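In: need the 3D shape of this:
(one chain, ligands or ions: 2)
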Amino acid sequence: MKKATTLFENGDHSWRVLARDPALPSHLVDTNEYLISSRGSALLTDPGGQEVFPSVFSALSAAADPRTLTHIFASHQDPDVISSLALWLSFKPDLKCYTSWLWNTFIPHFGGTAETFISVPDHGATIELGSRPLQIVPAHYLHSSGNIHLYDPGAKLYFSGDVGAALLPPDANELFVTNFERHIRFAEGFHRRWMGSREARDAWCARVSRLEIDMLCPQHGAIYRGRDVQRFINWFSELEVGVLKLGG
Ligand SMILES: [Fe+2]
Ligand SMILES: [Fe+2]
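Out: Ligands and ions are numbered 1, 2, ... in the order given. All right, here's what the predicted structure looks like:
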């Protein structure tokens, strides 16, 4: 089962990460789910694939009352992000799911009705969660053509979906980045192949550099803290992306 770790807590406002299931079968990519709570309401980012639903649900229930869950946030359409949707809705049918308008006739193939989805326009939106405003930040083409992130200005935490993701080997499976140079090697191939647009990358790096971020929280791999946040943005801004060189 995954374990919940508290990343931020101030009164009734908190972030927890549900991560690192030792029983995860090796043919599935490992994912991080973030539970953001404020005044009796909770939002779960990229709730994961249907295969990991029991593990995510157990970890969430051990950390908080699952009945407080009101919203799901899907950064994009991938199966590791949102194929568990029908299972979450069978637990709580009135859950609302935020997703890019681009995907709101595709993601319903995983479950839900027209009432389930809140379409996010390209320029983003604000979510009022309990007493906290959360900003939906555009990150289109990084890597999906309709791609959104979530910034919490009160906590100074930023959920970055697949941006910042690293595919970590079992012996380097730490929850936080402790050695940036060592860590980023596990992110490089992923970003080169999955991030398809230099223009989008440049716009995102400029946009995010203006935010105050204590932790950059990706859907895969370790969390960047403190100086490693800007270190990651600088590294990403110089990486060659959107090019596939086929040998032979
Ligand atoms: Fe993805
Ligand atoms: Fe992903």
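
In: for the helix or strand hosting residue 231, packing partners?
Out: Assigned by DSSP states H and E, residue 231 belongs to helix 227-238. On a contact count with 3 or more CB pairs under 8 Å, 6 or more residues apart in numbering; DSSP states H and E, helix 227-238 meets helix 180-194, helix 198-209, strand 215-217. For glycine as for every other residue, the C-beta is placed from the backbone atoms N, C-alpha and C.

In: would you turn the ones you listed into a markdown table with mean neighbour count, distance to residue 20 and mean pLDDT?
Out: Formatted as a markdown table, the helices and strands packed on helix 227-238 follow (neighbours: other CB atoms under 10 Å; distance: least, CB to CB, whole Å; pLDDT from 0 to 100):
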| stretch | mean neighbour count | distance to residue 20 | mean pLDDT |
| --- | --- | --- | --- |
| helix 180-194 | 16 | 15 | 96 |
| helix 198-209 | 17 | 26 | 98 |
| strand 215-217 | 24 | 14 | 98 |
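
In: who wins for proximity to ligand 2 among those?
Out: helix 180-194 (8.4 Å; CB to the ion).

In: mind giving me the packing neighbours of the closest one?
Out: Short answer (3+ CB pairs under 8 Å, 6+ apart): helix 180-194 packs on helix 227-238.

In: what's the distance between the closest residue to ligand 1 within the chain and ligand 2?
Out: Proximity of the chain to ligand 1 (CB to the ion) peaks at residue 78, 3.7 Å away. Applying CB to the ion, to the nearest Å, the value for residue 78 to ligand 2 is 5 Å.

In: isn't that residue right next to residue 147, touching?
Out: No - counting by CB atoms under 8 Å, residue 78 does not reach residue 147; the two are 10.0 Å apart.

In: between those two, which one's more packed in?
Out: residue 147 (23 against 17; other CB atoms under 10 Å).

In: quick one: contacts for the residue nearest the centre of the chain?
Out: Nearest residue to the geometric centre of the chain (CA atoms, centre = their mean): residue 161, 3.4 Å. Neighbour list for residue 161: 46, 75-76, 81, 139, 142, 147-149, 218-219 [criterion: CB atoms under 8 Å, 6 or more residues apart in numbering].

In: and it, what are its phi and psi?
Out: phi 50, psi -130 (degrees, to the nearest 10).

In: residues from this protein in reach of ligand 1?
Out: Contact residues (CB under 5 Å from the ion) of the chain with ligand 1: 78, 162.

In: please enumerate the strands of the chain.
Out: Using DSSP state E, the strands of the chain run over 3-10, 13-19, 33-38, 41-45, 69-73, 96-100, 117-120, 125-129, 132-138, 148-152, 157-159, 215-217, 224-225.
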